[in-house]
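Undergrad: fold the following and give me the result.
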Amino acid sequence: MIRRAVLSLLCAAALAGPAAAQAKKELVFSILSAESQSSAEKDWTPFLADMSKALNVEVAYNVVSPEVFRGFGFPGADDLGNMFQYYTEFEKEFTEARSLDTSRSLNPELLDFKSWLAKYKDRIPLG
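TA: Purely as a prediction, here's the structure:
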């Protein structure tokens, strides 16, 4: 779940458009989720709540399916959509091949999400 969430968060950051109008004080992410909408909400609510608190803005999300991603029309959208579909359909095989302990051994400064957010929240553009 954590590995999938980190991967999805990285994708979300790449897809995140500029913050909504400052008057609304809202940041909306597009999340490429391997789960259903209801499952994604359960998994993402803690991350979004942490972001809302740290950034002092409402943080919301839209789930983007691999099919929708393939329709974005930019060069490589089909390939990325296929990759995200693989992550969705073969989540167990994909995530079991990666070890958080190995990642931490390679980079002892690796941060969990809350620590990363505390350190870098001022670098997240909101306008």
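Undergrad: give me the mean pLDDT for stretch 62-79.
TA: For stretch 62-79, mean pLDDT is 91.
Undergrad: pull the distance from it to the chain's centre.
TA: Offset of stretch 62-79 from its chain centre (CA atoms, centre = their mean, to the nearest Å): 15 Å.
Undergrad: and if you look at stretch 112-127?
TA: 13 Å.
Undergrad: kindly report the same for stretch 102-119.
TA: On the basis of CA atoms, centre = their mean, stretch 102-119 sits 16 Å off its chain's mean C-alpha point.
Undergrad: now the terminal residues of it, how far apart.
TA: 23 Å (CA to CA, to the nearest Å).
Undergrad: tell me how many other residues crowd L106.
TA: 9 (other CB atoms under 10 Å). Where you see a C-beta, it was placed from the backbone N, CA and C, and this is true even at glycine.
Undergrad: what's the distance between it and F29?
TA: As judged by CB to CB, to the nearest Å, L106 and F29 stand 27 Å apart.
Undergrad: longest helix of this protein?
TA: When the chain is parsed with DSSP state H, its longest helix is helix 37-55.
Undergrad: pLDDT weak spots in the chain?
TA: The model of the chain has pLDDT under 70 over residues 1-24, 33-39.
Undergrad: ok, 80 please
TA: Within the chain, the stretches with pLDDT under 80 are 1-25, 32-43, 127.
Undergrad: now K119: closest residue in space, sequence neighbours ignored.
TA: What sits nearest to K119 in space, not counting adjacent residues and going by CB to CB, 6 or more residues apart in numbering, is L111, at 6.7 Å.
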